[in-house]
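Chemist: need coordinates for the below:
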Amino acid sequence: MRVFSILLCLALLLPLSGCTASEPPVPETLPPETTEGPPTASEEALPPATLPPDPIQEILENMSIEERVGQLFLARCEDSTAVQDIAQYHLGGFVLFGSDFNGQTPDTIREKLNTYQATAKIPLLIAVDEEGGTVTRISRYPAFREMPFPSPRNALKNWGMDRVMTVEEEKCKLLSSLNVNVNLGPVCDISTDPAAFMYARSLGEDPAVTSDFVSRTVSLMAGCQVGSVLKHFPGYGNNADTHTGIARDSRSLEELESRDLLPFAAGIDAGCGGILVSHTIVEAMDDALPASLSPAVHVYLRETMGFQGVILTDDLVMQAITDAYGAGEAAVLAVLAGNDLLCSTEYDVQYEAVLAAVLEGRISFDTLNSAVRHVLQWKMDLKLL
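Modeler: The predicted structure follows:
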């Protein structure tokens, strides 16, 4: 068809080529002379812009599969084997508990953490739960603070929100001075039942006040280069303790979206680095799997709420998980669900399980690389890379 069109055009032009040539008409006025010379070097077209190299991709391409798998683990720090574990499992970071600070001083903790960082090929996330009140890993010891930090609930009740934020700022400065770069907080849960597991740890206010607290805390932590982790998504409410068994949340999605999810949305808008997902079965999102192992919950967090940071599990050693799935399988399911970072006490078993799942093709390289990119980006945001 194309050849036919060309031939047709030539046929139409042939008569014109046989016409007697004539001088072209002279225009009545000549175009004005131009005084412009040839383009100078600065005026010549510039070469097309090239994109700057992606530093995360460069790091990723130089990592082995084993190193990539290791970055998915925020491991319980075992003091006697910590240095060996960093090298053997290529860990993404450590979470420290109260026992890690017992008998220590600020100087000895800094020295220990500096040793850990010097051992790691890729800088470590060093995390604690320093909520205040019933959960204080550091400030319970007089070597670090004269009195333990109060809970946000009690600080708000006794002194008001400005004092709450003063306490949060002091927490950040203490952690930063010790080279702890992540606090597993703020607590975003809204709990109204004094008998509920999360009641004392929650702020104890309505969604608007809780959202304000979360937003201001996240911003304050970012200013101190301390990573923030909103917890326990999608909101613990008045549910049972998943440390000791399974818990189910039968509230509707409308109720969650109008109440419990609002502080998380505020934290996301404020730029939080991480969100920790609970082990509660949230029936409105997935009536079969715990939130931490549910692809549907993670899709909601990514697509509906627009979160682009690190999603991490609550500790996978909790009975709500181990009783039903076992340590190794739980870790594999957590990665498949969309978690980037696994809070792990049994990291030796879980690392091997995740590595095997990658090598067998059960966990795709795309899934693995996506999770590692999120972890590395958080480390870059915290100026660790």
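Chemist: what ranges do the helices span in the stretch 101-250 of the chain?
Modeler: 106-119, 152-159, 161-177, 207-223 (DSSP state H, counting those that start in this stretch).
Chemist: and those, which is most packed in?
Modeler: helix 207-223 (a mean of 20; mean count of other C-beta atoms under 10 Å). All C-beta spots, glycine's among them, are computed from the backbone N, C-alpha and C.
Chemist: out of the helices of the stretch 101-250 of the chain, nearest to S99?
Modeler: helix 106-119 (12.5 Å; C-beta to C-beta).
Chemist: of the helices of the stretch 101-250 of the chain, which is nearest L60?
Modeler: helix 106-119 (20.3 Å).
Chemist: so which elements touch that closest one?
Modeler: helix 82-89 (3 or more C-beta pairs under 8 Å, 6 or more residues apart in numbering; DSSP states H and E).
Chemist: put the alpha carbons of the following helix or strand past the helix it packs on into CSV.
Modeler: Sequence-wise, the next helix or strand downstream of helix 82-89 (DSSP states H and E) is strand 93-96. Output of strand 93-96 as CSV, limited to C-alpha atoms (Å, rounded to 0.1, in the frame of the first residue of the first chain):
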residue,chain,number,x,y,z
GLY,A,93,20.2,-3.0,62.5
PHE,A,94,19.7,-3.8,66.1
VAL,A,95,16.9,-3.1,68.6
LEU,A,96,18.2,-2.6,72.1
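Chemist: now for strand 93-96, which elements pack on it?
Modeler: Strand 93-96 packs on strand 73-76, strand 125-128, going by 3+ C-beta pairs under 8 Å, 6+ apart.
Chemist: one more time with 10 Å
Modeler: Using 3 or more C-beta pairs under 10 Å, 6 or more residues apart in numbering; DSSP states H and E, the elements in contact with strand 93-96 are strand 73-76, helix 82-89, helix 106-119, strand 125-128, strand 182-183, strand 342-344, helix 365-381.
Chemist: out of the helices of the stretch 101-250 of the chain, nearest to G361?
Modeler: helix 106-119 (31.6 Å).
Chemist: what mean pLDDT does that closest one get?
Modeler: What helix 106-119 shows for mean pLDDT is 98.
Chemist: show me the contacts for the residue nearest to R140 when sequence neighbours are not counted.
Modeler: Of all residues not flanking R140 in the chain, P148 sits nearest, at 4.9 Å (C-beta to C-beta, 6 or more residues apart in numbering). Counting by C-beta atoms under 10 Å, 6 or more residues apart in numbering, P148 makes contact with 130, 132-136, 138-142.
Chemist: same question, M147
Modeler: 136, 139-140.
Chemist: rerun at 8 Å
Modeler: The contact partners of M147, by C-beta atoms under 8 Å, 6 or more residues apart in numbering, come to S139.
Chemist: look up how far L60 lies from it.
Modeler: M147 is 44 Å from L60, where distance means C-beta to C-beta, to the nearest Å.
Chemist: tell me the average confidence for stretch 195-214?
Modeler: pLDDT averaged over stretch 195-214 gives 94.
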